[in-house]
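Asker: give me the fold of what follows.
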Amino acid sequence: MQKLKEFLLINIGILLVALPIYYISVPHGLVTGGVSGLSIVINSLFPSISVGTLMIVLNIILFIIGFIFIGFNFGAKTIYSSLALSGIIWVLERIHPLSGPLTDDILIELIMAAILYAFGLAIVFMQDASTGGTDIIAKILNKYFDIDMGKSMLYADLLIVLFSFFTFGIKMAMYGILGIILNSFLIDYVMQSFQDTKEIVIISSKSKDITNYIVNTLDRGATIYTAKGAFTNNEKEVIRTVLNRKEYVKLKKYIQLLDKNAFITVNTVHATFGEGFIRL
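Answerer: Have a look, this model is predicted:
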């Protein structure tokens, strides 16, 4: 079931990446980095070679690097993702050839492309995969140097955007730079949104019931410790747990019904590593 979920999410992410590349980046000659951007540059010089074909060839070179530095699991998923992405673009080139850009407003299209691209890549990254290309380089920088995925993508893609300057001119190169900056921030923002959890600290006279609900109903762990109130000098149990957003809402509703006098503090945690959350 987990493998099927990963497969479906990877394909959704790939589709969200492919659509802006084909319908926005290719017609405008908009290079925002990645193998797709480099393929667009090469395609402008050699129109007989399609963007989809170029992406497959360039990705094969980077696959070898991914296997060496990241491992087989990432490499296997990345091979599928990159081939699927290149395949979708290759199919679109044949079943729905474009005669020109969708609109004359390149800025609006750039913003829409960045949003779709960032959501798609974030979904793929969360499945421990990549769409290939400079994503592999970004993942290596993230793994070995702990650089955020968005910033890693930014560094890897800047060089490719510089190539577009010589092919499409300074105006399109500037749009390309704006695009990769938007992508870098949006990817980090979306990934943080997916990974955000809630650290909840609860003081209640019904601590045993609340603990049982967390452990048995929500299937989460909790830490319990004893504290003394400054005003009353009474000892009370303090419950500390980390939940995802949906679980937090359920727990909050349960406590509202159980003990309206409970004292609760909630902090947003950007990443939680360990059993039940992100694998360390």
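Asker: and stretch 84-94, which residues are buried?
Answerer: Neighbour counts over stretch 84-94 (16 or more other CB atoms under 10 Å) mark 84, 85, 86, 88, 89, 90, 92, 93 as buried. Where C-beta positions appear, they are placed from N, C-alpha and C, glycine not excepted.
Asker: what about those, which are in helices?
Answerer: If you go by DSSP state H, the buried residues of stretch 84-94 have 84, 85, 86, 88, 89, 90, 92, 93 in helices.
Asker: next, the most centrally placed residue in the chain: secondary structure please.
Answerer: Nearest to the mean C-alpha position of the chain, by CA atoms, centre = their mean, lies residue 122 at 1.5 Å. What DSSP: H, G, I helix; E, B strand; the rest coil gives for residue 122 is helix.
Asker: where in the chain is pLDDT low?
Answerer: Scanning the chain for pLDDT under 70 picks out 72-75, 132, 135, 150, 274-280.
Asker: that one: helices as residue ranges?
Answerer: Along the chain, the stretches classed as helices by DSSP H are 2-20, 26-28, 34-45, 51-69, 72-95, 106-126, 134-145, 149-168, 170-195, 207-212, 245-258.
Asker: redo the ones you listed as TSV? Include distance to residue 264.
Answerer: Listed next are the helices of the chain as TSV, based on distance: least, CB to CB, whole Å:
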stretch	distance to residue 264
helix 2-20	32
helix 26-28	51
helix 34-45	44
helix 51-69	44
helix 72-95	39
helix 106-126	29
helix 134-145	35
helix 149-168	33
helix 170-195	22
helix 207-212	10
helix 245-258	7
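Asker: just those helices: most buried one?
Answerer: Across the helices of the chain, averaging neighbours per residue (mean count of other CB atoms under 10 Å) puts helix 34-45 on top, at a mean of 23.
Asker: how far does that helix sit from its chain's centre?
Answerer: 23 Å (CA atoms, centre = their mean, to the nearest Å).
Asker: next, the angle from that helix to helix 72-95.
Answerer: Here helix 34-45 points in a direction 40 degrees away from that of helix 72-95 (axes from the mean of the first three to the mean of the last three CA atoms, to 10 degrees).
Asker: for helix 34-45, packing partners?
Answerer: Secondary-structure packing of helix 34-45 (3 or more CB pairs under 8 Å, 6 or more residues apart in numbering; DSSP states H and E): helix 51-69, helix 134-145, helix 149-168.
Asker: quick check: residue 33 touching residue 164?
Answerer: No - between residue 33 and residue 164 there is no contact under CB atoms under 8 Å: 9.3 Å.
Asker: what lies in contact with the longest strand along the chain?
Answerer: Secondary structure of the chain per DSSP state E: the longest strand is strand 235-243. Outside strand 235-243, the residues that touch it by CB atoms under 8 Å, 6 or more residues apart in numbering are 197-205, 207, 210-211, 214, 218, 220-229, 251, 269, 272, 277.
Asker: make a ChimeraX selection of the buried ones in those residues.
Answerer: With 16+ other CB under 10 Å as the criterion, this ChimeraX line picks the buried residues out of the contacts of strand 235-243:
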select :197,198,200,202,203,204,207,210,211,214,218,220,222,251,272,277
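Asker: narrow the contacts of strand 235-243 to those in strands?
Answerer: 197-203, 223-228, 269.
Asker: returning to what we had before: hey, what's in contact with both of residue 33 and residue 164?
Answerer: residue 176.
Asker: OK, contacts around residue 109?
Answerer: The contact partners of residue 109, by CB under 8 Å, 6+ apart, come to 24, 28, 30, 101, 102, 103.
Asker: the fourth one: neighbouring residues, count only.
Answerer: I take that to be residue 101. 16 (other CB atoms under 10 Å).
Asker: which phi and psi does it have?
Answerer: When read as degrees, to the nearest 10, the backbone of residue 101 gives phi -60, psi 160.
Asker: this completes my enquiry, with thanks.
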